[in-house]
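[1] Any chance you can model this:
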Amino acid sequence: QNRRRSCWGWGYTDGAPAPAALKRAEAALFPTNAGTSLAEPNWNTVAQTLQKPRFRILKDAETERLVEICSDDALDRVQHCYGKAFRDVVRALQGQFDNPPDYVAYPTCEEDILRLLRYCQREHIAVIPYGGGSSVVGGIEPPGHGLTQQMHWPRGVITVDMKNLDRVLEVDHVSLTARVQAGIYGPELLQQLKHHGMTLRHFPQSFEFSTVGGWVATRAGGHYASGRTHIDDFVLSVRMVTPKGVIQTRKLPASGAGPQPERVVAIGSEGIFGIITECTLTVQKPVRHRVSQAVYFDDFTDGVEAVREIIQSGSLQPSNCRLVDAIESFANGLSPSLTTTLILGFEASEHPDALEKLLETAVKIAQRHRGDVAKSAAANQTESSNADSAVDTWKDSFLKAPYLRDALVKMGCMRYFVCLFPPCLNPTFLVDITETFETACTWDRFPELHKEINECVRAVAPDPDRCVITCRFTHVYPSGPAPYFTIIAAARTDVDRVLQWDLMKRAACEAILRCGATATHHHAVGRDHGEFYRREADPLFLAALSAIKRTLDPEGIMNPGIVINPQLAGR
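    Numbering: from 1, shown residues only. As a prediction, this is how the structure comes out:
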């Protein structure tokens, strides 16, 4: 409760790698090159120079409660200015808080939100729903000056932080469901469900710093590689406050009665229709039995084919089926040499007898594609047992990656990551750009997509010879994989790093569209993917979506510029 969230990067201020340890590593690995480091801003100076709110909430009988729940404190506004993408971290470290929200609201009940939306409609104030602030696609960033000038509005922005709506309201032990408030963070959700002997099998990488409402609004993808992994698979009903009133969908296991309302107005809506206040989710008993195995491939293509056969087998649905290419595998300590690693896992709450057989079948498929298991032994895990060492290493790297990325961006380079590369890669350069993006495509299109991404991004990189692109599969489906790319590149010193990254990201997005893949698999649309989502989606569907927005949000106050072109949305 007393830990302080970072104003510029991921998580808690005390969760980052120890500065002394990073300094020692920097001195040992690169003693003669200081790199381009970024000092953390002086937050007192930031507070003093921050743009003042563009409007004031004047206290009267109607707004008295809003004055109580809305803050114009400078650090509150700074903390709600950006998400957690590379471009956000760099701008924050440079003290660039040019467009903060004017107020941050902290509602404690649904009536607070209704009152706030009525006020914002009347005063033409934009509203941005905020869960944990973990967006990496600009989903919580106030609309830029270009949009406001183009549309001649809004007068200002209020970001609505949902952290006070953080309770599990009821648990149905017969139907295995839980009704929860949307502002509850992942760890608190698990803690409250634990009292009922239940859990939610959904663990996005942002789990510690994201909320149920955020997961639903952005169609979050969980840690599990196959089966029920998207939040879509767990949502039975939602309650959402819109500018026109409250939408409450019915709690049902399934229905054939018309289009599913949760998917039409809530799941993936990214705050453009309203603010999700409650969700009913399917829950389960905690997992007690796990088996895992790491399999190694000399050729990434062999690993791809092994994963495809495993997931298309029909009889296998691994909880983990994560393929990590050679460079990323070696850098994260998953393999002792440049070999691709496949992390396989199966789990169950009860009846563990079949798990070993399932794992054995999957491993045999991988071996038919020249997979090697000699370097790693399988481990049958219960609550108290240890994992396969490579699998355990991956889990640790997965959870700590955001902290490490931010610490090294602050240092100005990915020294720690690059220093792990084998000598054949000759990593003598300092890295000033490091970021990720993801997509999904059908299996037949993946080889072309992988090739196009590598060629197109390197073609616009500041120095193509000092640009490393890695790939892993985060999720796999019978019809295709969800590849996740990491870019590690040297930057020019005479051009802003964010602009250099934006050029590389655009090249990647163009390649993704050309190859018939999607603009995003689980990071959401936000502001960063808006153009590419609108080019991917059918124009008539976008028109229908805009008509829904005009119905629920006639003044266009809800997260303007996200998902839908505001000109089509009635403003």
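
[2] give me every residue that touches Arg535.
    Contacts here follow CB atoms under 8 Å, 6 or more residues apart in numbering; on that basis Arg535 touches Leu513. C-betas here are computed from N, CA, C, even on glycine.

[3] tell me the mean pLDDT over the helix or strand harbouring it?
    Arg535 belongs to helix 530-536 when assigned by DSSP states H and E. Summarised as a single mean, pLDDT over helix 530-536 is 96.

[4] That helix: how far from the chain's middle?
    18 Å (CA atoms, centre = their mean, to the nearest Å).

[5] Likewise for stretch 206-222?
    Using CA atoms, centre = their mean, we find the averaged C-alpha position of stretch 206-222 to lie 7 Å away from the chain's own average C-alpha position.

[6] Next, the buried residues of the helix holding Arg535.
    When neighbours are counted by 16 or more other CB atoms under 10 Å, the buried residues of helix 530-536 are found to be Gly530, Phe532, Tyr533, Arg534, Glu536.

[7] helix or strand right after that helix?
    Scanning forward in sequence from helix 530-536, with DSSP H and E defining helices and strands, the next element found is helix 539-552.

[8] residues making contact with that next one?
    242-244, 247, 264-265, 272-274, 534, 556, 558, 563-565, 568-570.

[9] Okay, strands next: where are they in the stretch 351-500 of the chain?
    Remark: strands of the stretch 351-500 of the chain, listed N- to C-terminal, are 379-381, 433-438, 467-477, 480-489; assignment by DSSP state E, counting those that start in this stretch.

[10] how about the host helix or strand of Val216: buried residues?
    Taking DSSP H and E as the criterion, Val216 maps to helix 212-217. If you call a residue buried by 16+ other CB under 10 Å, then helix 212-217 has these buried ones: Val212, Gly213, Gly214, Trp215, Val216, Ala217.

[11] Need the pLDDT of the residue nearest to Arg308 when sequence neighbours are not counted.
    Once flanking residues are discounted, Arg308 sits nearest to Trp443: 5.5 Å by CB to CB, 6 or more residues apart in numbering. Predicted confidence (pLDDT) at Trp443: the value is 98.

[12] Would you mind measuring from Trp443 to Ala482?
    In this structure, Trp443 and Ala482 are 12 Å apart, going by CB to CB, to the nearest Å.

[13] Looking only at neighbour counts, state which of these two leads.
    Residue environment comparison for Trp443 versus Ala482 gives the larger neighbour count to Ala482, 22 against 18, counting by other CB atoms under 10 Å.

[14] thought that one was touching His521?
    Yes - between Ala482 and His521 a contact is recorded at 4.3 Å, counting by CB atoms under 8 Å.

[15] Now the common contact residues for these two.
    Each of Gly221, Glu438, Thr439, Ala440, Thr474, His475 lies in contact with both Ala482 and His521 under the rule CB under 8 Å, 6+ apart.

[16] partner residues bridging the first one?
    Under DSSP bridges, the beta-bridge partners of Gly221 are His230.

[17] What is the burial count for it?
    Other residues near Gly221 number 24, with proximity taken as other CB under 10 Å.

[18] Check the last one too.
    When counting by other CB under 10 Å, one arrives at 25 neighbours for His475.
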